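K.L.:
Return a 3D structure for these sequence lines:
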Amino acid sequence: MSDDRHPDHPRDRVDFGTPRGGTALGGLHWRQLGLFVAGAVWALGWTRATSGPAGAVVGALGAVGLATAGLARSGGRLPVDWGAVGVAFALRRTLGRARYRHPRSGTGPRLPAHLADIRILAVATDRGTIGLVRDGARLVVILEVTPEPMLLAGSAEMAGRRAAWGATLASLARPGSAVVRAQWLARTAVVGARARGRHVDTSLRERLADPAVQSYLEVVDRIGDTSHEYTLLIALGIDARRRPGALAAQAALDAAFELSAQLAAADLGQARTLSPGEVNAALRAGGDPAAADGLPDTPHDGGAAPVDLRDPGPMACEEGWGALHCDATWHSSFWISQWPRGEVDADVLAGLVLAGRPGRTVTLVMQPRDPVRAVREAEHSRVRHAADEELRERAGFVGTVRRRRQQAAISAQERELADGHAAYRFAGYVTVSAATPEALEDGCRELAAAAPLARCEVRRLWGEQAAGLAAGLPLCRGL
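P.N.:
Sure thing, here's the model as predicted:
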């Protein structure tokens, strides 16, 4: 019997670290300190400007209100943050940017506001034509990955693959790398009508009267209505401002080919770059998964069906406070506000990514940090945390386990950077999609139940659903 089956064999464990609190003083953010200072100025101004008790009362009430806005939280946000989100949402509604209708003809915008900056480019290479996405100042190349099974792998094998993935991320963050952002995206959907196009050879059309063919088609249709399709995409973002157009495109292709080779060498899966038509389909399916049923999967008249690269968006969409209606699909996006704390199994997120009904998209966006700046910030964080602890002790506050874990996480980060590991900023998002508002709410409740099992906390992006859906597309957005 192998060691992986031994009951005492240590399991592969990972540590996501502990999130640090404030960034200013005593665990508070700068905007909180700003509200406290504004409250003190308000109280002092009214007390001196108005004689009698009226000025003192007004000043005290204003100071208490501003202090409450800096301390009270609702839904994980401060009142000042909710105010900024509400004003931005109301402004989009007033200007008509929360609603979009495709012009079909004429000179109107062919993309909604949250996708207005993207353009799909076709680049001819010796490996075929590859699609790139120009998103503002970034050039994004997208790879589709067929991963190797890991849930049934032993602890040693899983630890080796995790180390290989870490080495791959380290290579993307090396000094001089053209990659400024990386993203992986896992999407589930019902196979549906595409099953017949993908699993039935075109030569069977001549034998449709054959009972065996009819029986096979019935099985394919039945499987297509009940089976799930899992798609794993990796997107690499290049800063096009640092290079002219041709050099930026070449850098994106080189990074994609290098990543494909590294994944194959580490037995992490087979990756291939998407063609322009496939990039168009991936973006369109992100807004409306049912739209993929209308996209051809087989050659048309001996060649690929024509695709309008200028039109990867929906026909219509409307953003609401808690959901976004895009064509025939309703979406609701969530931000992963809390990752697992302490050491957990390496497959702790499997339930969040793989379980549940189809129509869930989980994505992680990562941005490599400059090593010198990361070391300097880690050292500054350690000094700042020590100063905060000394200030709290003088004020009589008792130390907590959370504060001690934050100190341990800062020390661990500084130690890892000193050992030469890469540093990343990252953010995770989950988008739930369904055909009806009722089914959408059911999917959101399932996600809320699955998140604690994955040791995560998710928060609905109230008032920011368009940006949340864009973060769930392979565009390297969300940071």
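K.L.:
Every contact and neighbour count from this point should use C-alpha atoms.
P.N.:
OK.
K.L.:
Wait, residue 146 touches residue 270, no?
P.N.:
Yes - counting by C-alpha atoms under 8 Å, residue 270 is a contact partner of residue 146 at 5.2 Å.
K.L.:
Show me the helices in the stretch 351-479 of the chain, by range?
P.N.:
Here the stretch 351-479 of the chain has its helices, by DSSP state H, counting those that start in this stretch, at 371-394, 401-418, 437-453, 465-471.
K.L.:
Quick check: buried residues in the last one?
P.N.:
Read it as helix 465-471. Neighbour counts over helix 465-471 (16 or more other C-alpha atoms under 10 Å) mark 465, 466, 467, 468, 469, 470, 471 as buried.
K.L.:
any idea which of the residues you listed is closest to residue 366?
P.N.:
residue 471 (11.9 Å; C-alpha to C-alpha).
K.L.:
re the thing from before, next, format the buried residues of helix 465-471 as CSV and append pLDDT and distance to residue 264.
P.N.:
Output for these, formatted as CSV (pLDDT from 0 to 100; distance: C-alpha to C-alpha, whole Å):
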residue, pLDDT, distance to residue 264
465, 93, 36
466, 92, 35
467, 92, 33
468, 92, 32
469, 92, 30
470, 92, 29
471, 92, 27
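K.L.:
In the chain, what helix or strand scores lowest on average pLDDT?
P.N.:
helix 194-199 (a mean of 58; mean pLDDT, DSSP states H and E).
K.L.:
Surely residue 54 is within a strand?
P.N.:
No - assignment of residue 54 by DSSP: H, G, I helix; E, B strand; the rest coil gives helix, placing it outside any strand.
K.L.:
The strand or helix carrying residue 335 - contacts with which helices or strands?
P.N.:
Secondary structure assignment for residue 335, by DSSP states H and E: strand 329-338. Packing contacts for strand 329-338, counted by 3 or more C-alpha pairs under 8 Å, 6 or more residues apart in numbering; DSSP states H and E, involve strand 324-326, strand 424-434, helix 437-453, strand 457-460, helix 465-471.
K.L.:
Which one of these lies nearest to residue 369?
P.N.:
strand 424-434 (5.5 Å).
K.L.:
how far is the closest one from where the chain is centred?
P.N.:
3 Å (C-alpha atoms, centre = their mean, to the nearest Å).
K.L.:
Now it: average pLDDT?
P.N.:
For strand 424-434, mean pLDDT rounds to 90.
K.L.:
Need the residues that contact the strand holding residue 335.
P.N.:
Residues outside strand 329-338 that contact it (C-alpha atoms under 8 Å, 6 or more residues apart in numbering): 287-290, 322-325, 427-437, 440, 444, 456-461, 465, 468-469.
K.L.:
got the angle for that strand vs strand 424-434?
P.N.:
Calculated by axes from the mean of the first three to the mean of the last three C-alpha atoms, to 10 degrees, strand 329-338 forms an angle of 150 degrees with strand 424-434.
K.L.:
After strand 329-338, which helix or strand is next?
P.N.:
Using DSSP H and E, the helix or strand that follows strand 329-338 towards the C-terminus is strand 343-345.
K.L.:
quick one: strands adjacent to that following strand?
P.N.:
Counting by DSSP bridges, the strands paired with strand 343-345 are strand 13-15 (antiparallel).
K.L.:
Around the nearest residue to residue 113 once chain neighbours are set aside, how many other residues sit close by?
P.N.:
In space, and not counting its chain neighbours, residue 113 is closest to residue 97: 6.0 Å by C-alpha to C-alpha, 6 or more residues apart in numbering. By other C-alpha atoms under 10 Å, 15 other residues sit near residue 97.
K.L.:
SS state for residue 97?
P.N.:
With three-state DSSP as the criterion, residue 97 reads coil.
K.L.:
Was I right to think residue 118 contacts residue 137?
P.N.:
No - Residue 118 lies out of contact with residue 137 (C-alpha under 8 Å); the separation is 10.0 Å.
K.L.:
Looking at these two, which is more packed in?
P.N.:
Each of residue 118 and residue 137 has its neighbours counted (other C-alpha under 10 Å); residue 118 has more, 20 against 14.
K.L.:
For that one, give me its contacts.
P.N.:
133, 134, 135, 136.
K.L.:
from the residues you listed, which two are the most distant?
P.N.:
Every pair in these was compared (C-alpha to C-alpha); the two farthest apart turn out to be 133 and 136, at 9.4 Å.
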